[in-house]
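K.L.:
Take a look and give me a structure for this.
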Amino acid sequence: MDVSSFQGDVDWEKVKNDGVEYAFIRLGYRGYESGKIVNDSKYEDNITGCNDVGLDCGVYFFTEALNESEGVEEAEFVLECLGEHHIELPIVLDVEQSANVNKSRTKNLSAEDRTKAVIAFCERIKQAGYTPMIYGNLKSMLIMLDFEQLEEYDKWFAYFHYPLRFPYKHKIWQYTASGKVDGIKGDADLNLMFY
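P.N.:
Reported below is the predicted structural model:
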């Protein structure tokens, strides 16, 4: 599963006992209007809880980078926030259109410039010894990015229909945003990992 502050307080012991094997924790995001980088308000609670119960853990960061230097800045922020936490899974860059596209600082960003920012993030993460991954849906993967330039990086694909229709290699499939997991109030994002 993957979690953020939107799930509120998570009971990680119940999550583990419900059969969840791994979790991706939202570490932070860049504001779609301000461009300010901030931590997810539940990041520390979630990553500590996930580590404490022994689940494999990864983190993700929602990008609004405009260029390569901002992509590196986002990667540096993520690396700094990892601290002593255990990360067994990839560090993921969440590439999606912001909820309020008309106010988004990246609304006119070209696929080429967005792709350069993503590559800069991934290369900095790789340089630090971690595995980078790119999260997105059909729009972000096929319209917002130049997918051909990103083939070497692992992908996490969000698609809430069956059968899965995505003709490219990917390591994780997010198949629902309305799953039910004991220990989480309300809906949960559920995923299948293919390795």
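
K.L.:
quick one: buried residues of the longest helix belonging to the chain?
P.N.:
Counting by DSSP state H, the longest helix found in the chain is helix 111-127. Within helix 111-127, the residues scored as buried using 16 or more other C-beta atoms under 10 Å are 113-125. C-beta: built from backbone N, CA, C; applies to glycine.

K.L.:
Any chance of these in TSV with pLDDT and distance to Phe77 as columns?
P.N.:
As requested, the buried residues of helix 111-127 are arranged in TSV below (pLDDT from 0 to 100; distance: C-beta to C-beta, whole Å):
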residue	pLDDT	distance to Phe77
Asp113	97	20
Arg114	98	18
Thr115	98	20
Lys116	98	18
Ala117	98	14
Val118	98	15
Ile119	98	17
Ala120	98	13
Phe121	98	10
Cys122	98	15
Glu123	98	15
Arg124	98	10
Ile125	98	11
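
K.L.:
picking up where we left off before, what helices or strands is the longest helix of the chain leaning on?
P.N.:
helix 68-82, strand 91-94, strand 132-136 (3 or more C-beta pairs under 8 Å, 6 or more residues apart in numbering; DSSP states H and E).

K.L.:
out of those, nearest to Gly8?
P.N.:
strand 91-94 (19.5 Å; C-beta to C-beta).

K.L.:
just checking, what packs against the closest one?
P.N.:
strand 22-30, strand 56-62, helix 111-127, strand 132-136.

K.L.:
Any idea which of these gets closest to Asn39?
P.N.:
Closest among those, using C-beta to C-beta: strand 22-30, at 4.6 Å.

K.L.:
Great, nothing more from me.
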